[in-house]
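Peer 1: next comes the sequence, and after it the predicted model I'd like to discuss.
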Amino acid sequence: MHCAKHRVWILALGVVLSGCGGTRPTKYYVIDVPVAAPAQPTTKFPITLIVARPITSHLYRDDRIVYGSGDVQLGTYEFERWAQSPADMIQDLLINSLRATGQYVAVARPGTNTRGDYVIRTNLRQFYEVDHPDLVARFSLQLEVYDNKVGAKSWGTFYSHDEPVAEKTVVSVVEALDKNVRAGMQQLTTELSQHFASNPPEAASGQ
């Protein structure tokens, strides 16, 4: 597994350490999940989706990379960080993945001028390195669809997977998380498409 293949970018910035006069680089990591759009979507839905920022722990609203031995004890790296918080990153990646399908009139964030027919709400439950009993990158995301016309949840699904990590390095963990998120986005966007195909939505409300 190589960084270039999975488009995992690492940026290093010098940070002055107080009291010692030296410097230690702070490394920032970015996960990028490119999704190739089909030439012609097999099914197009006449609806607009609004993708909300994930509900999550304060750990994933910060930029520090999280590690732990399980669900009970978690910690964070000080000099190994995300370029943006996991909450913002997952929102961006989900929006890009849904747009790339070409199946929706529009996919936007809350607060834009776009009026949504459905709101996609997510709960980012896990996004961290696990080192016991096995070294894995754990990612789990709950997704729910809310119908604005009726003001209620209409459907939901869940992705959870532990991706094996090649070696005990932060770069390897990020590469494994990249692969895990890539698979998760593919599964969630496919299941959402299947839901709307089985439950054809009405015409879009417009923008």
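Peer 2: Happy to help now that I have it. Numbering: from 1, shown residues only.

Peer 1: centre-most residue in the chain?
Peer 2: What sits nearest the mean C-alpha location of the chain, by C-alpha atoms, centre = their mean, is Ile90, with 2.4 Å.

Peer 1: and Asn199, what are its phi and psi?
Peer 2: Asn199 adopts backbone torsions of phi -130, psi 80, taken as degrees, to the nearest 10.

Peer 1: how about the residue nearest to the centre of the chain, what does it touch?
Peer 2: Contacts were defined as C-beta atoms under 8 Å, 6 or more residues apart in numbering; by that measure Ile90 touches Pro54, Thr122, Leu124, Phe127, Leu141, Val181. The C-beta positions use only the backbone N, C-alpha and C, and glycine is treated the same way.

Peer 1: do that again at 10 Å, thanks
Peer 2: By C-beta atoms under 10 Å, 6 or more residues apart in numbering, the residues touching Ile90 are 31, 51, 53-54, 56, 60, 122, 124, 127, 139, 141, 181, 184-185.

Peer 1: helices - which of those residues land there?
Peer 2: Val181, Gly184, Met185 (DSSP state H).

Peer 1: list the contacts of the first one.
Peer 2: Residues near Val181 by C-beta under 10 Å, 6+ apart: 31-33, 86, 89-90, 93-94, 97, 127, 137, 139, 141, 159, 161, 163.

Peer 1: kindly report the same for the last one.
Peer 2: Under the criterion of C-beta under 10 Å, 6+ apart, the contact partners of Met185 comprise Val33, Val35, Ile90, Leu93, Leu94, Asn96, Ser97, Leu98, Ala100, Leu141, Tyr159.

Peer 1: that one and Asn96, how far apart?
Peer 2: 8 Å (C-beta to C-beta, to the nearest Å).

Peer 1: same check on the first one?
Peer 2: Computed with C-beta to C-beta, the distance linking Val181 and Asn96 is 12 Å.

Peer 1: one step back: show me which of the contacts of Val181 are buried.
Peer 2: Taking 16 or more other C-beta atoms under 10 Å as the criterion, what is buried in the contacts of Val181 is 31, 33, 86, 89-90, 93-94, 97, 127, 137, 139, 141, 159, 161, 163.

Peer 1: now, which of these sits nearest Val173?
Peer 2: Ala137 (5.5 Å; C-beta to C-beta).

Peer 1: in this structure that closest one contacts Arg182, no?
Peer 2: No - contact criterion C-beta atoms under 10 Å: Ala137 and Arg182 do not qualify, at 11.6 Å.

Peer 1: so what sits against both of these two?
Peer 2: Common neighbours of Ala137 and Arg182 (C-beta under 10 Å, 6+ apart) are Glu163.

Peer 1: and the closest residue to Pro164 other than its chain neighbours, how far from Tyr67?
Peer 2: Of all residues not flanking Pro164 in the chain, Val136 sits nearest, at 5.7 Å (C-beta to C-beta, 6 or more residues apart in numbering). According to C-beta to C-beta, Val136 stands 11 Å off from Tyr67.

Peer 1: quick check: neighbours shared by these two?
Peer 2: Common neighbours of Val136 and Tyr67 (C-beta under 10 Å, 6+ apart) are Tyr128, Glu129, Val130, Val173.
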